[in-house]
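**Student:** got a predicted structure here, sequence first:
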Amino acid sequence: MTSPLDSLVLAGGSLHREAPDEREYTALIHSGRARLADARKAGLSIESRFDLAYNAAHALSLAALRRRGFRSDRRYVVFQVLPHTLGLGPDVWRVLDKCHRLRNQSEYEGDLNVDERLVADLITACTAVQSALESVGN
């Protein structure tokens with residue numbers, strides 16, 4: 001039986017197989033943890049906290065995908081496959097997907113419009129990714 005991740009490879013879509021790399025995995029976990037810790041620092045600007053939390057979520061989500069032996073050429077895919085890499089539901093990946101769109105708007109149009117509620121939701125979603133990743137072992 002083909003897994004959902006394998007189906008994305010076979011469809012010529014967003015994923016390709018790549019052997020897991022322990023050094024890369026460890027570095028992604030370290031990066032995600034450090035950035036998430038910094039994102040929680042209330043003394044930083046809201047924009048910095050958003051960037052830190054978004055990049056933490058991406059690093060941890062990518063670690064989950066790499067652990068399974070896959071890589072994506074598209075940043076957002078690491079969030080969309082969280083149900084298959086870590087068993088996380090739409091309450092997590094929808095927040096991360098929304099934040100990805102806002103991140104792109106900021107990067108490509110210079111417009112970042114975030115508030116405390118969104119940053120709090122992003123940190124909560126990132127924490128869920130971190131917890132799920134820790135529960136599968138790293």
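**Tutor:** Yep, that arrived.

**Student:** which positions within stretch 92-112 qualify as buried?
**Tutor:** Neighbour counts using 16 or more other Cβ atoms under 10 Å place 92, 93, 95, 96, 97, 99, 100, 102, 103, 106 of stretch 92-112 among the buried residues. (C-beta placed from N, C-alpha, C; glycine too.)

**Student:** could those residues go into CSV alongside secondary structure and distance to residue 118?
**Tutor:** Below are the buried residues of stretch 92-112 laid out as CSV (DSSP: H, G, I helix; E, B strand; the rest coil; distance: Cβ to Cβ, whole Å):
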residue, secondary structure, distance to residue 118
92, helix, 14
93, helix, 15
95, helix, 8
96, helix, 12
97, helix, 13
99, helix, 7
100, helix, 12
102, helix, 8
103, helix, 12
106, helix, 12
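
**Student:** go through those residues and name the one nearest residue 69.
**Tutor:** residue 93 (20.2 Å; Cβ to Cβ).

**Student:** for the closest one, give me its contacts.
**Tutor:** With Cβ atoms under 8 Å, 6 or more residues apart in numbering as the criterion, the residues that contact residue 93 are 79, 80, 82, 83, 125.

**Student:** if we use 7 Å, what do you get?
**Tutor:** Listed by Cβ atoms under 7 Å, 6 or more residues apart in numbering, the contact set of residue 93 reads 79, 80, 82, 83.

**Student:** just give me the closest of the residues you listed to residue 64.
**Tutor:** Closest to residue 64, out of all of those and judged by Cβ to Cβ, is residue 82, at 7.1 Å.

**Student:** tell me who's in contact with the residue nearest the centre of the chain.
**Tutor:** In the chain, the residue lying closest to the centroid (Cα atoms, centre = their mean) is residue 58, at 2.8 Å. With contact set as Cβ under 7 Å, 6+ apart, residue 58 has these partners: 75, 78.

**Student:** let's see it at 8 Å
**Tutor:** Residue 58 neighbours (Cβ under 8 Å, 6+ apart): 75, 78, 79.

**Student:** would you mark the buried spots in the biggest helix by length in the chain?
**Tutor:** As assigned by DSSP state H, the longest helix anywhere in the chain is helix 46-67. Using 16+ other Cβ under 10 Å as the test for burial, helix 46-67 gives 49-67.
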